[in-house]
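*Asks:* Got a predicted structure here, sequence first:
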Amino acid sequence: MQKIATLVLATSLVAGAAWAQSPAGIPQGTGAGVHSPLSPFPPLQERNDVVPWSLLTSVSTKNEKNRLLPVFTKEHLALTQKPQRIQGFMMPLEPGDKQTHFLLSSVPLTCQFCLPGGPESMVEVKAKTPVRYTMEPVTVEGKFVTLSDDEYGLYYRVTEAVAVK
């Protein structure tokens, strides 16, 4: 079951990255994913104590061997291998009330079949202790890593994460 979920996630992330690089003229919204005006959840409020999504989503990409790979700036690379706080909306990867492996997204899910954005607007989280699932924003702190060539197409990961307020 987990392998199937991982495969679906990887396929969706690659499709999202390809869509994000599509030519102008195709409506794409702005910013990290598109926060639906119909969402019952308000967008994330800017906070000084977390890494801003505007920085994470500013990554560019390059096409190498039929793969879209991230091109990180000095600002992105300055975050890596250091403790960082990330705030976002939880996307569980497995069923259950408490999660140790999940994604944080810059916008809330508005459709159970749709990804809210591409890999630049998601962070994989591997928690040290389980984090209770909620539809409200979650903030975690842990070791942040930029991923140059992740097998699932992810750009960012936080390990040893713990929930913080």
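*Replies:* Now that the structure is in, tell me what you want to look at. Numbers count the residues shown, from 1 in each chain.

*Asks:* contacts and neighbour counts: CA atoms only from here.
*Replies:* OK.

*Asks:* mind showing which ranges of this protein have poor pLDDT?
*Replies:* Confidence mapping of the chain against pLDDT under 70 gives the ranges 1-35.

*Asks:* residue ranges for the strands of it, please.
*Replies:* In chain order, the chain shows strands spanning 60-64, 67-71, 82-92, 98-105, 122-132, 138-146, 156-164, with DSSP state E as the criterion.

*Asks:* Compare those strands and give me the one nearest Pro116.
*Replies:* Taking C-alpha to C-alpha, strand 98-105 is the member of the strands of the chain nearest to Pro116, at 7.2 Å.

*Asks:* From Leu68, how far off is Leu109?
*Replies:* In this structure, Leu109 lies at 24 Å from Leu68, with C-alpha to C-alpha, to the nearest Å as the measure.

*Asks:* Who has more neighbours out of the two?
*Replies:* With neighbours defined as other C-alpha atoms under 10 Å, Leu109 and Leu68 compare such that Leu109 has more, 20 against 17.

*Asks:* can you tell me which residues contact that one?
*Replies:* For Leu109, the set of contacting residues under the criterion of C-alpha atoms under 8 Å, 6 or more residues apart in numbering consists of Phe89, Met91, Leu115, Pro116.

*Asks:* surely the last one meets Pro108?
*Replies:* Same thing as Pro116. Yes - Pro116 is within contact range of Pro108, at 7.0 Å (criterion: C-alpha atoms under 8 Å).

*Asks:* So for these two, which sits in the more crowded spot?
*Replies:* Neighbour tally, Pro116 and Pro108, criterion other C-alpha under 10 Å: the higher count belongs to Pro108, 26 against 23.

*Asks:* beta partners for the residue positioned nearest the centre of the chain?
*Replies:* Geometric centre of the chain, nearest residue: Met122, 0.6 Å, by C-alpha atoms, centre = their mean. When assigned by DSSP bridges, Met122 has beta-bridge partners Ser105.

*Asks:* That one touches Ser106, doesn't it?
*Replies:* Yes - with the criterion set as C-alpha under 8 Å, Met122 and Ser106 qualify as a contacting pair; they are 6.5 Å apart.

*Asks:* What about Lys62, how many residues nearby?
*Replies:* The criterion is other C-alpha under 10 Å. On that basis, Lys62 has 12 neighbouring residues.

*Asks:* Distance of it relative to Pro70?
*Replies:* Lys62 sits 6 Å away from Pro70, going by C-alpha to C-alpha.
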